[in-house]
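> When you get a sec, could you give me coordinates for this:
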Amino acid sequence: MYKMADPLIHPDDSEVVAMIKELLDSRIRPMVQEDGGDIEYRGYDEDTGVVRLKLKGSCTGCPSSSVTLKSGIQNMLQFYVPEVKDVIEEKGEEDEIIELQLKKLEKDIGVAE
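Residues are numbered from 1 along each chain as shown. All right, here's what the predicted structure looks like:
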């Protein structure tokens, strides 16, 4: 089952969750913030090894966000925390609206089909 999506490290967090939160806060978030984005920890499923994150800021709707998520964030988490098997992005309704508007704008200015 999913753990609570609190980004703070708590005494009742498992060692794996504590390591994930520490890496997100100390190594990954600063790199993402350099490009105007941010990440939010949404949870970890200890049964499947899946970390759930929400990309925010300039990461929302960015075409490179999936590369950032898989090649950057997932690789780093798996290097330091071998229990992590996958990292997935959680999207909310606002993310879908932003992506639709970006696609419409790209179409209007002629950079997309």
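> what ranges of the chain fall below the confidence cut-off?
Applying pLDDT under 70 to the chain flags residues 1-6, 58-64, 92, 94-96, 98-99, 112-113.
> So P82: helix, strand or coil?
coil (DSSP: H, G, I helix; E, B strand; the rest coil).
> Who are the contact partners of the residue most central in space within the chain?
Geometric centre of the chain, nearest residue: L53, 3.5 Å, by CA atoms, centre = their mean. Residues near L53 by CB atoms under 8 Å, 6 or more residues apart in numbering: L24, I39, E40, Y41, R42, L69, I73, V87, I88, E89, E90. (Each C-beta comes from the backbone N, C-alpha and C, glycine too.)
> which SS class is R29?
For R29, the secondary structure call by three-state DSSP comes out as helix.
> re earlier: in PDB, list the C-alpha atoms belonging to the helix or strand hosting the residue nearest to the centre of the chain.
Using DSSP states H and E, L53 falls within strand 50-57. Output of strand 50-57 as PDB, limited to C-alpha atoms (Å, rounded to 0.1, in the frame of the first residue of the first chain):
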ATOM      1  CA  VAL A  50       7.200   2.600  -7.400                       C
ATOM      2  CA  VAL A  51       7.900   6.200  -6.400                       C
ATOM      3  CA  ARG A  52       5.100   8.700  -7.300                       C
ATOM      4  CA  LEU A  53       6.100  12.300  -7.900                       C
ATOM      5  CA  LYS A  54       4.400  15.400  -9.200                       C
ATOM      6  CA  LEU A  55       6.400  17.700 -11.500                       C
ATOM      7  CA  LYS A  56       5.700  21.400 -10.900                       C
ATOM      8  CA  GLY A  57       6.600  24.800 -12.200                       C
END
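> The chain: helices as residue ranges?
15-23, 29-34, 65-67, 75-80, 93-109 (DSSP state H).
> re the thing from before, pull out the buried residues from the strand holding L53.
Neighbour-count burial for strand 50-57, with 16 or more other CB atoms under 10 Å as criterion, is recorded at V51, R52, L53, K54, L55.
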